[in-house]
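Peer 1: The following comprises the amino acid sequence and a computationally predicted model.
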Amino acid sequence: MQPNPPSPSPSSNPLSLQRGGQALAAALLCGWCNALSAAGVVLPVEWGAQGQFEQVVAMPPGHHAEACVVLNAGMTVAWQFSGSAALAFNIHHHVGKEVIYANRLAAAVVASGSFVPKSAQEYCWMWTNPSREAVTLNLRLNRKPD
């Protein structure tokens, strides 16, 4: 009988986050997500005391990262990101199985803007690494007071 192999540590996961298992919790709470896919990670948005959310994510080739949060209509969220290489980016929400895009960039190393939702629901900021190399994503969302 051979011993069981050791379980992989969270730090050995190329998609590991600064906040450990919260990605799994976010995926389980995300009504339209199919949990964590082999090609990506859901980032749970937890607003800081000043209304900010920051994250650094290591993205292997072909993988994506999504930061999803429920917003009220009219709430302003300033967003910015930078990557160690170009990333595809979008802001979207779902209506049934349809994906509605509020913003899309085919390839950007650095970008910023603001988003004001027209209706109260869950919105997602999504980055995809189309390259053959790993990319580091630095992202920041700032929620403005209502």
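Peer 2: Cool, got the structure. Keep in mind the model is a prediction, meaning the values are calculated, not measured.
Peer 1: that's a strand at Ser70, yeah?
Peer 2: Check again: residue 70 is Val, not Ser. Yes - assessed with DSSP: H, G, I helix; E, B strand; the rest coil, Val70 lies in a strand.
Peer 1: could you give the mean pLDDT of whichever strand or helix holds Glu66?
Peer 2: Assigned by DSSP states H and E, Glu66 belongs to strand 64-71. Averaging pLDDT along strand 64-71 yields 97.
Peer 1: strands paired with that strand, and their directions?
Peer 2: According to DSSP bridges, strand 64-71 forms sheet pairs with strand 40-44 (parallel), strand 121-128 (antiparallel).
Peer 1: before we move on, which element is the nearest residue to Tyr101 once chain neighbours are set aside in?
Peer 2: Leaving aside its sequence neighbours, Tyr101 sits nearest to His92 (Cβ to Cβ, 6 or more residues apart in numbering; 4.9 Å). Quick note: C-beta positions are derived from backbone N, CA and C, even for glycine. According to DSSP H and E, His92 maps onto strand 77-95.
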